[in-house]
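# Pasting the sequence and the predicted model now:
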Amino acid sequence: MSGPARATAHASSRAAVLDVIRAAGTISRVGLINATGFTGATISTVVRRLIDDGLVVETGRAESTGGKRRVLLQLNQSSRYAVGVHLDHAGITYVLTNLGGSVVARMSRAGAGAEDPPAVVERMAGEVGALVEGVGVGRERVLGLGLVSPGPLTPTSGMRLTPPLMRHWEDFPLDRALQEATGLPVVSDNDATAAALGEHWSGGVGASATFAALYMGTGIGAGLLVDGMAYRGASGNAGEIGHSCLAVDGPRCWCGARGCVEALAGPSAVVAAARADRALARAAGLDGGSGRRRSSVTADFAAVTRAARRGEPGARALLERSARYLAVAARTLANIMDLELLVLTGPSLAIAGSVYLPVVREELDRAFFSRAAHPVAVRLSRSAATAPAIGAAALVLQSELVPLRQGLRLPENLADSEPAPVERSSA
Ligand SMILES: [Zn+2]
């Protein structure tokens with residue numbers, strides 16, 4: 001999607017300029033020279049091409065500070081779009097964002113459930129079409145489709161070591177199938193990393209923040225951003241805090257280990273404990289007969305949360321116990337990364353975040369190792385349910401704006417990340 005390899009040097013100076021404009025909102029050409037380290041001639045050429053391509057527009061002039069008033073540039077937000085898809089067992093969330101990452105359309109549909117993968121992909125292609133056509137955006141203006149799903153990623157299939165409920169997706173070439181069905185280029189990532197990117201792109205997280213998104217959907221994970229860039233590890237599977245161990249002889253986890261945070265405290269564990277308590281199961285509406293349609297973990301977790309809100313003490317106790325485990329996981333993450341900011345996000349925290357937030361905050365205030373140096377701000381995502389889908393769209397935008405993954409924000413790193421020499425104004 002970032003163009004042929006021979007154009008990389010050019011594409012990346014263009015990408016660097018586009019990304020600086022996106023982050024700044026509005027900026028003059030002189031501001032771009034200062035921010036990127038490129039020469040005036042390079043900025044002039046790149047900006048002219050961006051304007052010709054319709055990606056950037058001139059918008060008024062900056063207040064004069066004595067000299068000539070400077071023309072301001074900004075992204076042409078409605079020139080390009082990206083589709084973000086969050087596929088999960090319980091639901092599929094779709095968003096369409098503009099070039100700036102703002103959501104212009106969203107919809108939720110039934111999850112993958114027990115359906116065959118090819119049937120789900122066919123349905124998804126139809127739903128993507130409806131999303132894009134629904135707002136009257138031409139296909140040619142959609143850059144691509146970002147896809148996020150649970151489970152460790154592999155380069156070939158996207159999902160290999162799949163969580164139990166999606167085991168039938170093992171070995172299914174999801175990326176390729178979706179690309180063929182929609183005709184859009186597909187980029188994929190795991191749900192927690194995408195949720196972190198979504199938080200970053202939808203605002204509220206500074207570009208320089210050392211920041212993590214603690215994600216709870218069906219499982220528990222974390223997305224990590226260092227200096228505004230996602231940290232992915234060797235295979236795109238960094239941040240699996242849900243599979244850190246809190247009890248060496250604890251319950252067996254689906255990942256093969258024992259005592260994982262997810263096995264002790266994830267939504268499935270909460271729901272299982274609620275079902276095991278007959279009175280609580282009845283109070284929460286989880287005791288349906290055998291004729292009852294098997295519901296999703298997310299729906300059952302929501303039922304336990306509603307029972308807690310109604311003042312059901314057993315339900316409240318289960319959620320608070322889960323929150324204490326999650327808080328210890330959050331502290332581990334904060335200690336390892338020396339975090340400044342932790343955002344709680346994901347569909348399950350969209351439902352029960354108000355229970356988890358104070359417990360995580362209290363744990364970090366009390367026990368974060370470097371608390372004498374600085375606090376860790378903890379907040380609940382403003383878009384906890386849709387953050388992964390927004391992040392999926394951001395993956396597409398980022399691959400257009402920042403085709404090289406490292407260093408583009410930092411002028412001093414440009415020489416290292418460029419395969420070919422780039423014109424520089426100084427240094
Ligand atoms: Zn595990």
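Ah, there it is.
# my guess is Ala330 contacts Leu214, does it?
Yes - under the criterion of CB atoms under 8 Å, Ala330 makes contact with Leu214 at 5.6 Å. Quick note: C-beta positions are derived from backbone N, CA and C, even for glycine.
# List the residues that are in contact with both of the two.
342, 360 (CB atoms under 8 Å, 6 or more residues apart in numbering).
# Compare those two (neighbour count), which wins?
Between Ala330 and Leu214, Leu214 has the larger neighbour count (other CB atoms under 10 Å), namely 31 against 28.
# show me where the protein has strands.
Per DSSP state E, the chain carries strands over the ranges 27-28, 56-61, 71-75, 81-87, 91-98, 103-110, 142-149, 186-190, 211-216, 220-226, 229-230, 341-345, 377-380.
# helices or strands up against the first one?
Using 3 or more CB pairs under 8 Å, 6 or more residues apart in numbering; DSSP states H and E as the contact criterion, the neighbours of strand 27-28 among helices and strands are strand 71-75.
# so can I have CSV of the strands of the chain showing distance to the ion and mean pLDDT?
As requested, the strands of the chain are exported to CSV (distance: least, CB to the ion, whole Å; pLDDT from 0 to 100):
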stretch, distance to the ion, mean pLDDT
strand 27-28, 45, 94
strand 56-61, 46, 88
strand 71-75, 41, 92
strand 81-87, 21, 94
strand 91-98, 23, 93
strand 103-110, 27, 92
strand 142-149, 18, 91
strand 186-190, 15, 85
strand 211-216, 14, 93
strand 220-226, 9, 91
strand 229-230, 22, 78
strand 341-345, 20, 94
strand 377-380, 24, 94
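# give me the number of residues near Ser28?
17.
# Ignore what I typed, I meant Val85.
Using other CB under 10 Å: Val85 sits among 25 other residues.
# What's the separation between it and Gly391?
Val85 is 11 Å from Gly391, where distance means CB to CB, to the nearest Å.
# For the two, list the residues in contact with both.
Each of 146, 148 lies in contact with both Val85 and Gly391 under the rule CB under 8 Å, 6+ apart.
# okay, the strands of the chain, which one's buried deepest?
strand 211-216 (a mean of 30; mean count of other CB atoms under 10 Å).
# Can you give me the buried ones in stretch 243-250?
Buried residues in stretch 243-250, counting neighbours by 16 or more other CB atoms under 10 Å, are found at 243-244, 246.
# From start to finish, how long is that stretch in a straight line?
Length of stretch 243-250, first residue to last, CA to CA, to the nearest Å: 12 Å.
# Show me which residues of the stretch 251-400 of the chain are close to the ion?
Counting by CB under 5 Å from the ion, the stretch 251-400 of the chain comes close to the ion at 253, 255, 257, 260.
# Including neighbour count and pLDDT, could the residues you listed go into a markdown table?
Listed next are these as a markdown table, based on neighbours: other CB atoms under 10 Å; pLDDT from 0 to 100:
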| residue | neighbour count | pLDDT |
| --- | --- | --- |
| Cys253 | 20 | 95 |
| Cys255 | 16 | 90 |
| Ala257 | 15 | 96 |
| Cys260 | 29 | 97 |
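# Gly250 is in contact with Ala263, isn't it?
Yes - here Gly250 reaches Ala263: they are 6.5 Å apart, a contact under CB under 8 Å.
# Please tell me how far the residue in the stretch 101-250 of the chain positioned nearest to the ion sits from Glu140.
As assessed by CB to the ion, the ion sits closest to His243 within the stretch 101-250 of the chain, at 3.6 Å. According to CB to CB, His243 stands 42 Å off from Glu140.
# Same question for Asp277.
Between Asp277 and Glu140 the distance is 56 Å, computed by CB to CB.
# Would you mind telling me which of these two has the busier surroundings?
Higher neighbour count among Asp277 and Glu140: Asp277, with 16 against 6, using other CB under 10 Å.
# The more buried one reaches Pro313, doesn't it?
No - assessed by CB under 8 Å, Asp277 is found out of contact with Pro313, at 11.1 Å.
# All the helices of the stretch 101-250 of the chain, residue numbers only.
Applying DSSP state H, counting those that start in this stretch to the stretch 101-250 of the chain gives helices spanning 117-134, 174-182, 191-201.
# Buried deepest among those, which one?
Most buried among the helices of the stretch 101-250 of the chain, counting by mean count of other CB under 10 Å: helix 191-201, with a mean of 30.
# domains in the chain, as residue ranges please.
Following automatic domain parsing, one gets these domains for the chain: 7-78+404-411, 80-190+387-400, 205-381.
# Work out the gap between the longest one and the centre of the chain.
What it means is domain 205-381. Taking CA atoms, centre = their mean, to the nearest Å, one finds the center of domain 205-381 at 16 Å from the center of the full chain.
# near the ion, which residues of the stretch 101-250 of the chain show up?
His243.
# which regions of the stretch 101-250 of the chain lie under the pLDDT threshold?
151-165, 202-209, 228 (pLDDT under 70).
# would you list the strands of the chain in CSV and tack on distance to Ala334?
CSV is the format used below for the strands of the chain (distance: least, CB to CB, whole Å):
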stretch, distance to Ala334
strand 27-28, 34
strand 56-61, 38
strand 71-75, 34
strand 81-87, 26
strand 91-98, 28
strand 103-110, 29
strand 142-149, 24
strand 186-190, 20
strand 211-216, 8
strand 220-226, 10
strand 229-230, 18
strand 341-345, 6
strand 377-380, 9
